[in-house]
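Colleague: sequence plus the predicted model coming up.
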Amino acid sequence: MNIAIIGYGQMGKEIEKISISRDHKIGKIIDVNTHNKDLSGCDVAILFTTPDSVVQNIKICLDNKVPVVCGTTGWLEKYDYITDYCKRKDATFLFSPNFSIGVNLFFKLNSFFAEKISKYKNFNVSINEKHHLKKIDKPSGTAIKIAEDILLNCSLSGWTLKDEKDKLKINSDRFGKEKGFHEVLYESEHDSISISHNAKSRKGFALGAVLCAEWIFDKKGVFTMDDFLSNTNF
């Protein structure tokens, strides 16, 4: 495939390495200083940009019928608008807050455990997440996904970064070069139960994004990481 990389920061450079190692070509690299966003000849685009530019860049891909895999978070108030736009354009779009295969298995474990523990009212739940200093959104999109899956199985009214009654607390830290740590902690008077995922490098995120690009480039519609995991063996 000829892959367009939109956003050429640390993730974009890692995606370039993984793509080339899997015998793909880089047909276009678009970063903040790129004025010519012509995607001619590109089979698929992988997008990791800042939240303020993501919607415009997604629309450029959809307008040009270039399937787009998006891993940018911090913009999801416009997610429904983009999925409707994709359908109107008869185009292809896949979004995930996290492309790590391990994290997506963690999502499934989190949902399963949240359902099982929901009948035991003596446990209090919280989320801890840590990322590097340059990460813009807080909490992370991954932490929000974890929280939303827990909220489907409990009586809490939402998530919060503060101490608020009847809400799920997310403790969000930014320091050093932390690649990404997420933990769900259940505590009672007698027990502490935790499940966690710790990213060792960006390679896992980049590999997942490239695998999704390989999967969607000949498809039409709106997809998620669950669709990819449910329909592939890798």
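Modeller: Yes, it's here.

Colleague: alpha carbons only for contacts and neighbour counts from here, please
Modeller: Noted.

Colleague: the strands in the protein, which residues?
Modeller: All strands of the chain, identified by DSSP state E, fall at 2-6, 25-30, 44-47, 68-70, 92-95, 124-131, 159-160, 168-174, 181-187, 192-198, 221-224.

Colleague: buried stuff in the lengthiest helix in the chain?
Modeller: Counting residues, the longest helix in the chain under DSSP state H turns out to be helix 101-117. The neighbour-count check on helix 101-117 (16 or more other C-alpha atoms under 10 Å) flags Ile101, Val103, Asn104, Phe106, Phe107, Asn110, Ser111, Ala114, Glu115 as buried.

Colleague: quick check: the third one vs Asp90, distance?
Modeller: In this view, Asn104 and Asp90 are 27 Å apart by C-alpha to C-alpha, to the nearest Å.

Colleague: ok, now the fourth one?
Modeller: Using C-alpha to C-alpha, one obtains 32 Å as the distance from Phe106 to Asp90.

Colleague: turn the buried residues of helix 101-117 into CSV, including distance to Ser140.
Modeller: Formatted as CSV, those follow (distance: C-alpha to C-alpha, whole Å):
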residue, distance to Ser140
Ile101, 17
Val103, 13
Asn104, 14
Phe106, 15
Phe107, 14
Asn110, 16
Ser111, 18
Ala114, 20
Glu115, 23
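
Colleague: among these, which one sits closest to Lys177?
Modeller: Nearest to Lys177 among the buried residues of helix 101-117, counting by C-alpha to C-alpha, is Val103 at 18.6 Å.
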